[in-house]
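>>> Have a look; sequence and predicted model below, questions after that.
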Amino acid sequence: MQRLLIGFGVALVLAGFLWPWLAKLPFGRLPGDILVDKPGFRFFAPFTSMLIASIVLSLIVWLLRR
């Protein structure tokens, strides 16, 4: 459990340092991500982005368990 928490902490710090470059990626604006923007109402559902994130994380976990 300690290693897992330390790993998450390191990942968050790295993401913080790399944020200027990560923000330029088209993640969250992919085809299949739904955005409804009306006056007084905004709804965003990143279906495609979360599907890709799930596949990438699953591959990483699978590789680490091998």
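Done, it's in. Numbers count the residues shown, from 1 in each chain.

>>> Spatially nearest residue to the residue nearest the centre of the chain, not counting backbone neighbours?
What sits nearest the mean C-alpha location of the chain, by CA atoms, centre = their mean, is A53, with 5.6 Å. Excluding its sequence neighbours, the residue lying closest to A53 (CB to CB, 6 or more residues apart in numbering) is F27, at 8.0 Å. (Each C-beta comes from the backbone N, C-alpha and C, glycine too.)

>>> tell me the contacts of that neighbour?
Listed by CB atoms under 8 Å, 6 or more residues apart in numbering, the contact set of F27 reads 49, 52-53.

>>> show me what contacts K24?
If you count contacts by CB under 8 Å, 6+ apart, K24 has none.

>>> and it, that one's in a strand?
No: secondary structure of K24 (DSSP: H, G, I helix; E, B strand; the rest coil): coil, not part of a strand.

>>> Tell me, what's the model's pLDDT at the residue of the chain most remote from its centre?
When each C-alpha in the chain is compared with the mean C-alpha position (CA atoms, centre = their mean), P39 comes out farthest, at 27.5 Å. Predicted confidence (pLDDT) for P39: 95.

>>> can you give me phi and psi for it?
Main-chain torsions, P39, degrees, to the nearest 10: phi -60, psi 120.

>>> Stretch 24-41: how far from the chain's middle?
In terms of CA atoms, centre = their mean, to the nearest Å, the centre of stretch 24-41 is found 14 Å from the chain centre.

>>> meant to ask about stretch 41-60, not that
That offset, for stretch 41-60, works out to 7 Å (CA atoms, centre = their mean).

>>> what does the helix or strand bottoming out on mean pLDDT in the chain contact?
Within the chain, no helix or strand scores below helix 19-22, which has a mean of 85 by mean pLDDT, DSSP states H and E. Contact with helix 19-22 is made by A15, as judged by CB under 8 Å, 6+ apart.
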